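Trainee: Sequence first, then the predicted structure, then my questions.
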Amino acid sequence: MLATLVRRAACQPSISLTCNLLHINQSISALPLHLSFSTTTTTPSPHSAAAAAAKMDAVGVLMMCPMNNYLEQELDKRFKLFRYWNQPQQREFLTQQAESIRAVVGNATAGADAGLIDALPKLEIVSSFSVGLDKIDLIKCKEKGIRVTNTPDVLTDDVADLAIGLMLAVLRRICECDKYVRKGAWKFGDFKLTSKFSGKRVGIIGLGRIGLAIAKRAEGFDCPISYYSRSEKPNAENYKYHKSVVELASNCDILVVACALTPETTHIVNREVIDALGPSGVLINIGRGPHVDEPELVSALVEGRLGGAGLDVFEKEPEVPEQLFGLDNVVLLPHVGSGTVETRIAMADLVLGNLEAYFANKPLLTPVV
């Protein structure tokens with residue numbers, strides 16, 4: 001409208017210019033209000049502003065057990081941290097803090113079972129300082145709309161490295177060699193001959209991130225790779241697929257457990273599998289203790305029906321069958337698959353990042369549920 005008035009004024013004789021300008025001024029004053037400019041800015045609603053600026057230090061976080069000093073310190077700085085292991089009366093504690101705890105941080109030892117979830121009506125997220133989820137009741141979490149995160153990828157290299165280390169340690173008797181030197185036995189003769197690792201047939205139960213990383217490392221030692229999983233993997237065309245664990249064990253020298261622990265994979269390595277692996281075979285477990293029928297494993301090693309074992313995990317950690325302590329063909333580790341400074345910091349940062357993302361209404365970094 002304004003542009004039209006200006007054009008009309010320009011076309012009139014100069015004598016009427018004043019009148020036309022006056023007419024324009026009056027017309028501008030009469031312009032609808034919605035055409036005027038505003039210098040005000042839009043203010044976010046109180047609800048969205050409060051959600052975006054949620055005070056993290058008021059969020060109650062329950063840490064289930066000691067896991068990592070850095071993680072514990074950072075949780076204490078950023079949130080209202082409750083240390084579950086310090087509570088002498090844990091049931092009473094849960095009742096008292098039921099309305100305060102909105103997050104749980106667990107690991108491979110202690111997570112969030114159905115009882116804990118039911119005891120915490122305000123629970124919104126479970127963040128696991130582990131890639132494994134067997135200590136979390138995922139079905140219960142889904143039913144209640146509780147989010148779940150873990151720490152995948154960042155620990156893959158360490159666990160795969162350790163698996164290769166266990167293979168070498170068992171076959172080359174590295175731990176036994178160390179003892180031989182320390183006790184002065186070398187002065188009286190050379191150590192016995194051991195078994196070569198390069199070229200051994202490696203079978204892997206579970207060709208996920210960790211299983212695949214183990215396979216790639218073993219290939220560097222010219223080891224033929226075969227595997228078992230629920231289905232044949234499209235990205236593993238160079239590896240032979242077996243339709244059963246018994247078939248896999250019958251066709252390898254070293255059997256590696258690298259699958260997730262589920263009801264279906266509990267005791268996936270049983271007597272039949274162990275016997276198929278045989279007296280010259282080696283079992284490596286960097287998965288979870290309950291993957292292996294431990295009494296059957298112990299008896300096979302003691303009786304010589306299995307050649308050796310490298311174990312980072314056990315059925316009832318930290319309890320380990322004492323019958324294994326005197327066996328030189330067995331290497332025992334205290335569940336240290338991801339136990340490096342670098343990886344534990346990266347895992348802690350993922351836990352912290354997931355919690356902060358959730359309570360800031362941002363996408364989770366590593367969502368599971």
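Mentor: Great, that's in hand.
Trainee: low-scoring stretches of this protein, by residue?
Mentor: 1-54 (pLDDT under 70).
Trainee: can you give me the strands for this structure?
Mentor: Secondary structure of the chain (DSSP state E): strands located at 60-63, 80-83, 101-106, 125-128, 147-149, 202-205, 225-228, 240-241, 254-257, 282-285, 308-311, 330-332.
Trainee: quick one: residue 216 from residue 233, how far?
Mentor: 13 Å (Cβ to Cβ, to the nearest Å). (Each C-beta comes from the backbone N, C-alpha and C, glycine too.)
Trainee: Next: residue 350.
Mentor: 25 Å.
Trainee: Give me the more crowded residue out of the two.
Mentor: Neighbours per residue (other Cβ atoms under 10 Å) separate residue 350 from residue 233, with residue 350 holding more: 23 against 15.
Trainee: The residue nearest to the more buried one when sequence neighbours are not counted: how many residues sit nearby?
Mentor: Leaving out its chain neighbours, the residue that sits closest to residue 350 by Cβ to Cβ, 6 or more residues apart in numbering is residue 151, at 4.6 Å. By the measure other Cβ under 10 Å, the count of residues near residue 151 is 25.
Trainee: so residue 151 touches residue 132, yeah?
Mentor: No. Taking contacts as Cβ atoms under 8 Å, residue 151 lies outside contact range of residue 132: 9.6 Å.
Trainee: so which of the strands of the chain gets nearest residue 174?
Mentor: Distance to residue 174, taken as Cβ to Cβ, is lowest for strand 330-332 among those, at 7.9 Å.
Trainee: Which elements pack onto that closest one?
Mentor: Secondary-structure packing of strand 330-332 (3 or more Cβ pairs under 8 Å, 6 or more residues apart in numbering; DSSP states H and E): helix 156-171, strand 308-311.
Trainee: Check which residues of the first one are buried.
Mentor: Pointing back at helix 156-171 there. Residues 156-160, 162-171 are the ones in helix 156-171 that count as buried (16 or more other Cβ atoms under 10 Å).
Trainee: so how far is that helix from its chain's centroid?
Mentor: 19 Å (Cα atoms, centre = their mean, to the nearest Å).
Trainee: Ok, the last one next?
Mentor: Here the centre of mass of C-alpha atoms in strand 308-311, compared against the chain's by Cα atoms, centre = their mean, lies 24 Å away.
Trainee: neighbouring contacts of that strand?
Mentor: For strand 308-311, contacts defined as Cβ atoms under 8 Å, 6 or more residues apart in numbering pick out 163, 166-167, 169-171, 282-285, 297, 301, 324, 329-333.
Trainee: and what of the first one?
Mentor: Outside of helix 156-171, the residues within contact range by Cβ under 8 Å, 6+ apart are 174-175, 194-197, 200, 202, 209-210, 213-214, 216-218, 221, 254, 256, 258, 282, 284, 286, 308-312, 329-331, 333, 336-340, 343.
Trainee: ok, residue 181 - how many residues close by?
Mentor: Neighbours of residue 181 under the rule other Cβ under 10 Å: 11.
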